[in-house]
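Asker: Sequence and predicted model, in that order:
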Amino acid sequence: MDYKAIEQLIKTAGESGLTFLEIETEGIKITMKKGGEETTQNVEAIKPEEVSEVTAEKEEAREVKEAQKTVEDKNIVSVVSPIVGTFYSSSSPETEDFVSVGSKVKKGQTLCIIEAMKLMNEIEAEVDGEIVEILVENEQMVEYGQEIFKIAIK
């Protein structure tokens, strides 16, 4: 597998909406994860005995990373979209956003509006805390269950 073939593979996988792809051929192993934590592209020829060593090292690193993430996530609450619709960060284009990263929020405070079938649905904070991440852009379509905010609880 040459560079052009690998490049075309990456492009095709990215356009297709695949979230995971693993190929092993001619001593080359390529693993791609879209939207995940790691992307691996081993383009050098790897001997079969080396593959198990590399895989074990990556598995160990992934386990450590997941353990750290679990500790961090205990104080993080994800706000997910309860419906499919269009995300709005403010009540109108002329007004300020309801919240931004770093904003302190109280339970019941409006975080955003999601429009579905011409109905405006206010999404409220379920906990007191601080906005640490906004995962969607203004006027972006959101899916049911999609994470839209992360709130660090006190």
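Answerer: Received the coordinates, thanks.
Asker: what about the helices in the chain?
Answerer: Assigned by DSSP state H, the chain shows helices spanning 3-16, 48-73.
Asker: Considering those helices, which stretch scores lowest in mean pLDDT?
Answerer: Mean pLDDT is lowest for helix 48-73 among the helices of the chain, at a mean of 60.
Asker: is it true that residue 14 touches residue 8?
Answerer: No. In this structure residue 14 lies outside contact range of residue 8 using C-beta atoms under 8 Å: 10.8 Å. In short, each C-beta sits where N, CA and C put it, glycine included.
Asker: Now do the domain split for the chain, please.
Answerer: 3-73, 76-153 (automatic domain parsing).
Asker: What's the end-to-end length of the last one?
Answerer: From its first residue to its last, domain 76-153 covers 6 Å (C-alpha to C-alpha, to the nearest Å).
Asker: now do stretch 105-119
Answerer: End-to-end for stretch 105-119, by C-alpha to C-alpha: 24 Å.
Asker: Quick check: buried residues in it?
Answerer: Neighbour-count burial for stretch 105-119, with 16 or more other C-beta atoms under 10 Å as criterion, is recorded at 105, 111, 112, 113, 114.
Asker: And for stretch 127-141?
Answerer: 129, 131, 134, 136.
Asker: Likewise for stretch 13-27?
Answerer: 13, 21.
Asker: Report the distance from that stretch to the chain centre.
Answerer: When distances are taken as C-alpha atoms, centre = their mean, to the nearest Å, stretch 13-27 is centred 19 Å away from the chain's centroid.
Asker: change the start of the numbering to 28 and stick with it
Answerer: Done: numbering now begins at 28, and the last item shifts to stretch 40-54.
Asker: Read off the pLDDT value for residue 162.
Answerer: 95.
Asker: Tell me which residues touch the residue nearest to residue 143 when sequence neighbours are not counted, please.
Answerer: In space, and not counting its chain neighbours, residue 143 is closest to residue 112: 3.6 Å by C-beta to C-beta, 6 or more residues apart in numbering. Contacts were defined as C-beta atoms under 8 Å, 6 or more residues apart in numbering; by that measure residue 112 touches 141, 142, 143, 144, 148, 168, 169.
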